[in-house]
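Peer 1: Please work out how this folds:
(chains A and B)
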Amino acid sequence: KQEVTQIPAALSVPEGENLVLNCSFTDSAIYNLQWFRQDPGKGLTSLLLIQSSQREQTSGRLNASLDKSSGRSTLYIAASQPGDSATYLCAVRPGLFAAGNKLTFGGGTRVLVKP
Amino acid sequence: KAGVTQTPRYLIKTRGQQVTLSCSPISGHRSVSWYQQTPGQGLQFLFEYFSETQRNKGNFPGRFSGRQFSNSRSEMNVSTLELGDSALYLCASSFKPSGNTIYFGEGSWLTVV
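Peer 2: Just a heads-up that it's a prediction; the model follows:
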């Protein structure tokens, strides 16, 4: 059974510092991994999708890496801003086609960027 | 392009009642999945529909059910509500199952009293 872990559960950084968020998963047979952001009381906003064949994906200040063999992904957010304060979740999609969109989520990392 | 739309956004129900939640996926998306989010259990997969067929189901009791219509809109139903069903119910859509980015709606907040 796939298990996804995000450590730490919470993180506080001063504005301008780079953020490094970790995600680990136990079963390396994944199809892809997706990072999401969730603001309090809101739904999930998709940030980046990394296919299992990719090593990294970038969008603006965001960069996500994937090391499938070691079961790890890292989300880097450069030059953090107070608006980056949110909970960040990673989710893995199983490698089996039949598993479709049955994502397994980590518990999330709650980020606070202090002005 | 409109995102995933969920209704109602907030609702309060009494134990023993039943509830129906609705989800309209992004135009052109045919895969709809549902998740339950609670502080204790986090995000858990409920079920997924594609072309009006349930493709996957999570580990939830039979009180939780869903369906998808020919226009890809989906509903989920919870019967005989229990206090533990209080949660944020999130709907997500994608163009097809697996491989594509999944987009979530704002969710439906259900409180069972």
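
Peer 1: Now B:G84, what are its backbone angles?
Peer 2: In this entry, B:G84 is assigned phi and psi values of phi -70, psi -10 (degrees, to the nearest 10).

Peer 1: I'd like to know how far it sits from A:K68.
Peer 2: Look at B:G84 and A:K68: by C-beta to C-beta, to the nearest Å, they are 35 Å apart. Yep, even glycine has a C-beta here, placed from its N, CA and C like the rest.

Peer 1: And the two? Which one has more around it.
Peer 2: Neighbour count, other C-beta atoms under 10 Å in any protein chain shown: between B:G84 and A:K68, A:K68 has more, with 20 against 10.

Peer 1: Excluding covalently adjacent residues, which one is nearest to the more buried one?
Peer 2: Excluding the flanking residues, the one nearest A:K68 by C-beta to C-beta, 6 or more residues apart in numbering or on different chains is A:S28, at 5.1 Å.

Peer 1: which residues in chain B form strands?
Peer 2: B:5-7, B:10-13, B:19-24, B:31-38, B:42-50, B:53-57, B:64-68, B:74-78, B:87-94, B:103-104, B:108-112 (DSSP state E).

Peer 1: Which of those comes out lowest on mean pLDDT?
Peer 2: Lowest mean pLDDT within the strands of chain B: strand B:53-57, at a mean of 91.

Peer 1: Now it: buried residues?
Peer 2: Buried residues in strand B:53-57, counted by 16 or more other C-beta atoms under 10 Å in any protein chain shown: B:55-56.

Peer 1: Can you tell me the strand partners of it and which way each runs?
Peer 2: strand B:42-50 (antiparallel) (DSSP bridges).

Peer 1: Strand B:19-24 and the partner strand, what's the angle between them?
Peer 2: 60 degrees (axes from the mean of the first three to the mean of the last three C-alpha atoms, to 10 degrees).

Peer 1: tell me the angle of strand B:42-50 relative to strand B:31-38?
Peer 2: Relative orientation of strand B:42-50 and strand B:31-38, computed by the same axes, to 10 degrees: 160 degrees.

Peer 1: Show me which residues of chain A sit near chain B.
Peer 2: A:31-32, A:34, A:36, A:41-46, A:49, A:51, A:89, A:91, A:93, A:97-108 (C-beta under 8 Å from any C-beta of the partner chain).

Peer 1: What residue in chain A comes nearest to chain B?
Peer 2: A:G100 (3.4 Å; C-beta to the nearest C-beta).

Peer 1: Indicate the residue of chain B located nearest to chain A.
Peer 2: Taking C-beta to the nearest C-beta, chain B has B:P97 as its residue nearest chain A, at 3.4 Å.

Peer 1: average pLDDT across stretch A:10-18?
Peer 2: When pLDDT is averaged over stretch A:10-18, the result is 97.
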